[in-house]
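J.: Just the structure for this:
(2 chains)
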Amino acid sequence: MCAALCSPAERDAFKRDEEAFMSRFSLTEEEKNLIRRRDFKGLIEAGMNIYAMLKIGSATGNSLYRMGAQMRGETYEEFLKTRKISGAV
Amino acid sequence: MGKIVAGIGLSHVPSVGPVVDRKREQDPAWKPLFDAYVPVREWLAKLEPDVAIVVYNDHVAQFTFDQYPTFALGAADRYAIADEGFGTRPLPEVAGHADFSIHLCEELVNQEFDLTVCQEMGVEHGFLVPMNLCFPHGASGWPVKSVPLQVNVVQHPLPTARRCYRLGQALRQAVESYPENLKVVVLGTGGMSHQLQGKRFGFMNEKFDQWFLDELEKDPENLASLSHHKIMEEAGAEAVELIMWLTMRGALSPKAKRVHRHYYAPMTTGMGLITFED
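T.: The predicted model follows:
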């Protein structure tokens, strides 16, 4: 599914109808639920590759650092405070 | 004959791409990184290389997990800019050197590196960010031709650090047996310390990174003994990309001299830079 998201038309299809998009791929209900909930921590724990997940991030408006903050159990703002120069984004 | 004139180890942090595309290099948060490349670009302009061999990893853009090669070499005269999920960057197509690439393929396979040979492939940030930093493009294209050499550092099992080092040694022989005069720079890209997944997201280790830079200069054989586990534990899961710097180092002669060295770690990745002249 994530490989498909490397095309503008497919990203649009995902944004238009996420359920229809997901149904084209052999995802389990639990995997779909993790995507529906934008549960990036759960996706990684379920074995997802980070670079594949970044494509879901792109299609859902979640940057790497937003996903990272969630995986750390922090808000985005809390995460940025832990960085040396948080303007380098 | 072919001659390796320089080697560069550098990070390929993806956020550098949009900074270049939006001309934000002088932003205070980014200026320290780009300033470090000013003398490197001047040095490269004097060396006048013809070709850059870029050792990098694809991040699930060109290669996906249904077919993921351990080592893949580009053998084309042009490479498209790949969309890795964020849209295609506004960059000119990359010029390749198919004749040189095919020579490298033959020589490396004869030296028992059984490569995947790619006559058509797209390149993404792993390749493009190092090119942006070292060889800025103009309206008419890039100042050097390129050979992409893709290494699997993403999907286990990964090649060992020593295997990557030996690939560099084999690459040197392959370059030097090319019959035409060609000046070559080898770029080893990725790292340094970073982890992008799980609770340890954002982990960095400057002490490890500085030690790696020291050892890369003085005792690369020692680095070739590092296990993936050790690198991941000390420097973060994605720091294992550093094994690609060993391919660059393996391609240099024992007399290669270090020229530049820089380190900047503002956000989540130790951005290292080291250059050698050979």
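J.: Which pLDDT does the model give the closest residue to B:I102 other than its chain neighbours?
T.: Once flanking residues are discounted, B:I102 sits nearest to B:A75: 5.4 Å by CB to CB, 6 or more residues apart in numbering or on different chains. No exception for glycine: its C-beta is placed from N, CA and C like everyone else's. B:A75 carries a pLDDT value of 98.
J.: can I assume B:A75 is in contact with B:T116?
T.: No: at 10.1 Å, B:A75 and B:T116 do not qualify as touching, with contact defined as CB atoms under 8 Å.
J.: more neighbours, those two?
T.: Using other CB atoms under 10 Å in any protein chain shown as the criterion, B:A75 and B:T116 rank with B:A75 on top: 23 against 16.
J.: Phi, psi for that one please.
T.: Main-chain dihedrals, B:A75, degrees, to the nearest 10: phi -130, psi 60.
J.: Close to chain A: what parts of the stretch 51-200 of chain B are there?
T.: Residues of the stretch 51-200 of chain B found near chain A (CB under 8 Å from any CB of the partner chain) are B:59-61, B:64-65, B:82-87, B:154-155, B:196-199.
J.: residue in the stretch 101-250 of chain B nearest to chain A?
T.: B:F201 (3.9 Å; CB to the nearest CB).
J.: Just the buried positions in stretch B:179-195, please.
T.: B:182-195 (16 or more other CB atoms under 10 Å in any protein chain shown).
J.: Can you pull the poorly scored residue ranges out of the stretch 1-150 of chain B?
T.: In the predicted model, the stretch 1-150 of chain B carries no residue with pLDDT under 70.
J.: Tell me where chain B has strands.
T.: For chain B, the strands defined by DSSP state E occupy B:2-10, B:51-56, B:71-74, B:78-81, B:94-95, B:116-118, B:122-123, B:145-151, B:182-189, B:257-264, B:271-277.
J.: Could you list the buried residues of the longest one?
T.: Translated: strand B:2-10. B:2, B:4-10.
J.: Pick out whichever of those residues sits closest to chain A.
T.: Using CB to the nearest CB, the buried residues of strand B:2-10 come closest to chain A at B:L10, 16.1 Å.
J.: what's the closest non-adjacent residue to that closest one?
T.: B:L273 (4.9 Å).
J.: Please list all residues in contact with the one you found.
T.: By CB atoms under 8 Å, 6 or more residues apart in numbering or on different chains, the residues touching B:L273 are B:8-11, B:36-37, B:40, B:260-263.
J.: now with 7 Å?
T.: B:L273 makes contact with B:10, B:36, B:260-262, according to CB atoms under 7 Å, 6 or more residues apart in numbering or on different chains.
J.: Tabulate the strands of chain B (CSV), appending distance to A:M48.
T.: Conversion of these to CSV gives the following (distance: least, CB to CB, whole Å):
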stretch, distance to A:M48
strand B:2-10, 28
strand B:51-56, 22
strand B:71-74, 23
strand B:78-81, 26
strand B:94-95, 30
strand B:116-118, 25
strand B:122-123, 23
strand B:145-151, 22
strand B:182-189, 24
strand B:257-264, 30
strand B:271-277, 26
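J.: Which one of those strands lies nearest to B:A224?
T.: strand B:182-189 (12.8 Å; CB to CB).
J.: returning to what we had before: pLDDT added to the buried residues of stretch B:179-195, as CSV?
T.: As requested, the buried residues of stretch B:179-195 are exported to CSV (pLDDT from 0 to 100):
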residue, pLDDT
B:L182, 98
B:K183, 98
B:V184, 98
B:V185, 98
B:V186, 98
B:L187, 98
B:G188, 98
B:T189, 98
B:G190, 97
B:G191, 94
B:M192, 98
B:S193, 98
B:H194, 98
B:Q195, 98
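J.: in chain A, which spans are helices?
T.: Ranges of helices in chain A, per DSSP state H, are A:8-16, A:18-23, A:29-36, A:40-45, A:50-60, A:64-72, A:76-81.
J.: Now render those helices as a markdown table, adding mean neighbour count.
T.: Listed next are those as a markdown table, based on neighbours: other CB atoms under 10 Å in any protein chain shown:
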| stretch | mean neighbour count |
| --- | --- |
| helix A:8-16 | 14 |
| helix A:18-23 | 13 |
| helix A:29-36 | 15 |
| helix A:40-45 | 20 |
| helix A:50-60 | 22 |
| helix A:64-72 | 21 |
| helix A:76-81 | 13 |
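J.: thinking again about what came up before, ok, the residue nearest to B:I102 touching B:H103?
T.: No: B:A75 is beyond contact range of B:H103, at 9.6 Å (criterion: CB atoms under 7 Å).
J.: how far does stretch B:7-25 sit from the chain's center?
T.: 13 Å (CA atoms, centre = their mean, to the nearest Å).
J.: what does it contact?
T.: A:89, B:30, B:34, B:56, B:89-90, B:125-126, B:128-130, B:132-134, B:185-192, B:216, B:245, B:248-249, B:251-252, B:256, B:269, B:271-276, B:278.
J.: Are any of these buried, and if so which?
T.: A:89, B:30, B:34, B:56, B:89, B:125-126, B:128-130, B:132-134, B:185-192, B:216, B:245, B:248-249, B:251-252, B:256, B:269, B:271-276, B:278.
J.: Report the residue spans of chain A with pLDDT below the cut-off.
T.: For chain A, counting by pLDDT under 70, not a single residue falls below.
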